[in-house]
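Q: Predicted coordinates and the sequence they were generated for:
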Amino acid sequence: MISSKKYYLFFCSFTLLLFSSCDLTVDNLKQKGASIIDPDEYYQFKEIDLRQTDLEASIFIPDETAGIGASFKANVLHTEDFKWMVSAGPNFELFIEDYGDFNSLMTEFRAKIKSKNLFKISIIKDQDSLVIFKREIMNNRRIQSRIRHESYHIYGVKRINGYNYEIKNRESGNTLKVVKFMEKSIKSLK
């Protein structure tokens, strides 16, 4: 029969061995390429599971404490086979589209925004898979407006389970504050 001291020693050794073999620290997961969501950075967000809408992913969207008019209940519309709209109230709408294995989405987008004649485009942030830009109507003789119209836009590309997804805000744009929340949401899409 094993004495209680030997049993205690065996249990402690086994527990120590078990924990030392688990290599699941945040730093080790980051080195292995795992995506880690910092709870402090996403404290005004809630996670939405998109699997019920045929998209094998989840996304963090702003909650009602974000101060952008986000509703309490998120809404995910999936009316077409390859398109989704994730909204959190009237000011926060992200459009997601599945482009399969098409890899030139970002290249084509960058060329497209440079060719706009009606708008002045100012790039705010340009990363590998995300662009934030300000769009202003250019003043010319035909457009005599004393009101300066500017809007902020975001465009991102994410690869999930071997498929490329385009994520963007509405065509009319949003405020910069809302676009910053959208940037966090796009980065959380996994």
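A: On my side now, so go ahead.

Q: ranges for the strands of this structure?
A: Along the chain, counting by DSSP state E, strands occupy 45-49, 58-62, 75-80, 83-87, 93-98, 119-127, 130-137, 150-160, 163-169.

Q: Mind listing what's buried along the second one?
A: Spelled out, that is strand 58-62. For strand 58-62, burial by neighbour count (16 or more other Cβ atoms under 10 Å) applies to 59-62. Glycine gets a C-beta too; all of them are placed from N, C-alpha and C.

Q: Can you pick out the most distant pair from the residues you listed?
A: Taking Cβ to Cβ, the two most distant members of the buried residues of strand 58-62 are I59 and P62; they sit 10.9 Å apart.

Q: which residues do the two both contact?
A: Shared contacts of I59 and P62 (Cβ atoms under 8 Å, 6 or more residues apart in numbering): S185.

Q: And the buried residues of strand 58-62, which is closest to I96?
A: Looking across the buried residues of strand 58-62 and measuring by Cβ to Cβ, the closest to I96 is I59, at 8.5 Å.

Q: My understanding was that the closest one contacts I48; is that so?
A: Yes. Assessed by Cβ atoms under 8 Å, I59 is found in contact with I48 at 5.4 Å.

Q: Touching both of these two, which residues are there?
A: Shared contacts of I59 and I48, defined by Cβ under 8 Å, 6+ apart, comprise V86.

Q: one step back: a markdown table for the buried residues of strand 58-62, including pLDDT?
A: Output for these, formatted as a markdown table (pLDDT from 0 to 100):
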| residue | pLDDT |
| --- | --- |
| I59 | 96 |
| F60 | 96 |
| I61 | 94 |
| P62 | 92 |
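
Q: nearest to T175, of those residues?
A: Nearest to T175 among the buried residues of strand 58-62 is P62, at 12.9 Å by Cβ to Cβ.

Q: Low-confidence regions, the chain specifically.
A: The model of the chain has pLDDT under 70 over residues 1-36, 70-72, 116, 139-148.

Q: re earlier: format the buried residues of strand 58-62 as CSV; extra columns: distance to I96.
A: Below are the buried residues of strand 58-62 laid out as CSV (distance: Cβ to Cβ, whole Å):
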residue, distance to I96
I59, 9
F60, 14
I61, 12
P62, 16
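
Q: With respect to I37, which of these is nearest?
A: Proximity of the buried residues of strand 58-62 to I37 (Cβ to Cβ) peaks at F60, which lies at 6.7 Å.
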